[in-house]
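Visitor: Structure here, sequence nowhere to be found:
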């Protein structure tokens, strides 16, 4: 998985990055929350692992910033903390964290948490794909909306997006349908003119 790690302690960042790479992940490191936000678009992480306490933008603030982004895919967020879990748990969850790992990180525990993240991200991808499917009639090409009505594809897409339609004829339809019709019309006109 693509993982972005935000950790202000350089030694901890290096150790964690090495552990994650050894587990087979593509890892990018950031020295604090501000650097993580800057790096976010470039590395497009599936998982964000962030320290709770950092200068500038701390872990919960970073979570809120990530959750506020308009993204097509979900980012699984793990907060690293040495704080009392009872104190920080609710605040971290309210900020948008999915999981917590106590510092120092145990590689085995972190690997298990990342496997859970991978499952959840996989399920969310499947749900997004299923939600994107629209039943379409093979005969009239109308689609069934989530409300249960059948509508022309053009009107449904125009209503749900900024897309507008212009009409054209594809080469296959022209060759198999339009061209024979045009030739019939041409022959009929020629016969009328000759007769």
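Guide: Here it is on my side, so go on. In this text the structure is predicted, and so the values were computed from the model without any measurement.
Visitor: use CA for all of it now, contacts and neighbours both
Guide: Noted.
Visitor: burial measure for the residue nearest to residue 44 when sequence neighbours are not counted, as a count.
Guide: Leaving aside its chain neighbours, residue 44 sits nearest to residue 2 (7.4 Å; criterion: Cα to Cα, 6 or more residues apart in numbering). Applying other Cα atoms under 10 Å, we find 14 residues neighbouring residue 2.
Visitor: beta partners for residue 2?
Guide: Residue 2 forms beta bridges with residue 26, as assigned by DSSP bridges.
Visitor: And it, how far from residue 117?
Guide: 12 Å (Cα to Cα, to the nearest Å).
Visitor: Need the overlap of contacts for these two.
Guide: residue 47 (Cα atoms under 8 Å, 6 or more residues apart in numbering).
Visitor: what bits of the protein have low per-residue confidence?
Guide: Within the chain, the ranges that satisfy pLDDT under 70 run 83-87, 130-131, 195.
Visitor: How about the contacts made by the most centrally placed residue in it?
Guide: For the chain, the residue nearest the mean C-alpha position is residue 73 (1.6 Å; Cα atoms, centre = their mean). By Cα under 8 Å, 6+ apart, the contact list for residue 73 reads residue 125.
Visitor: For residue 143, grab the count of nearby residues.
Guide: There are 20 residues near residue 143, going by other Cα under 10 Å.
Visitor: contacting residues around it?
Guide: By Cα under 8 Å, 6+ apart, the residues touching residue 143 are 134, 135, 136, 137, 150, 151, 152, 153, 156.
Visitor: Can you select the buried ones among the residues you listed for me in PyMOL?
Guide: Selecting only the buried entries of these in PyMOL, with 16 or more other Cα atoms under 10 Å as the criterion:
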select buried, resi 136+150+151+153
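Visitor: Tell me where this protein has helices.
Guide: Secondary structure of the chain (DSSP state H): helices at 10-22, 33-43, 59-67, 85-95, 107-131, 153-160, 171-173, 179-194.
Visitor: Would you mind pulling the contact partners of the longest one?
Guide: In this case it means helix 107-131. Counting by Cα under 8 Å, 6+ apart, 1, 19, 23, 46, 47, 73, 74, 75, 76, 99, 101 sit against helix 107-131.
Visitor: List the beta-bridge partners for the fifth one.
Guide: Beta-bridge partners for residue 47, by DSSP bridges, are residue 3, residue 76.
Visitor: for the spatially closest residue to residue 13 that is not a sequence neighbour, what are its contacts?
Guide: Taking Cα to Cα, 6+ apart, and ignoring the residues beside it in sequence, residue 13 has residue 7 as its nearest neighbour in space, at 5.4 Å. Each residue near residue 7 by Cα under 8 Å, 6+ apart is listed here: 13, 29, 30, 31, 32, 33, 50, 51, 54.
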